[in-house]
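A.B. asks: how would this look folded up:
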Amino acid sequence: MSQILSALQIAAADPHWQTLADAVPGVTPELPKDVDEPVQKILNWTAGLGLAGAVLGGLLGWAAVAVGHNSERAALAARGKQAILWSLFGAGGIGVTAALVTTFYNMTK
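C.D. replies: Down below sits the predicted model:
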């Protein structure tokens, strides 16, 4: 293991390797404005519609729970509870995904 480390240390100290690394120009990655605006619109609409769907699913789930309990249909109430949980998971997934996309997008700036 020490031979590998010493070989890497010698290679890192070699001036030829350093001049090779200096030959790469300083490039800053940047998304063109023609691509930036439509992508941002698509992400915003997708997140908005997804969250609206999650809210609608949660409301319909609560309605199913209410009807199921009042009419003594246990299966309907159970399905409503599942719908509420899946709506929460969906909204959480959309929120996490939006945060990750925003984080990685801001890293390029």
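A.B. asks: would you confirm that G50 contacts G90?
C.D. replies: Yes - with the criterion set as Cβ atoms under 8 Å, G50 and G90 qualify as a contacting pair; they are 7.1 Å apart. No exception for glycine: its C-beta is placed from N, CA and C like everyone else's.
A.B. asks: for this protein, give me the ranges with low pLDDT.
C.D. replies: Applying pLDDT under 70 to the predicted model, the residue ranges of the chain that meet it are 1, 12, 14-29, 31, 108-109.
A.B. asks: again, only using 90
C.D. replies: Applying pLDDT under 90 to the predicted model, the residue ranges of the chain that meet it are 1-47, 72, 94-95, 97-109.
A.B. asks: those strands in it, which residues are they?
C.D. replies: Taking DSSP state E as the criterion, the chain contains no strands.
A.B. asks: quick check, central residue of it?
C.D. replies: In the chain, the residue lying closest to the centroid (Cα atoms, centre = their mean) is T97, at 2.3 Å.
A.B. asks: what is the burial count for S87?
C.D. replies: For S87, the tally of surrounding residues (other Cβ atoms under 10 Å) stands at 21.
A.B. asks: I'd like to know which elements the longest helix anywhere in the chain is packed against.
C.D. replies: Under DSSP state H, the helix in the chain containing the largest number of residues is helix 33-70. Packed against helix 33-70, as judged by 3 or more Cβ pairs under 8 Å, 6 or more residues apart in numbering; DSSP states H and E, are the following elements: helix 74-107.
A.B. asks: buried ones in the helix it packs on?
C.D. replies: Residues of helix 74-107 classed as buried by neighbour count (16 or more other Cβ atoms under 10 Å): L76, A77, G80, A83, I84, S87, G90, A91, I94, A98.
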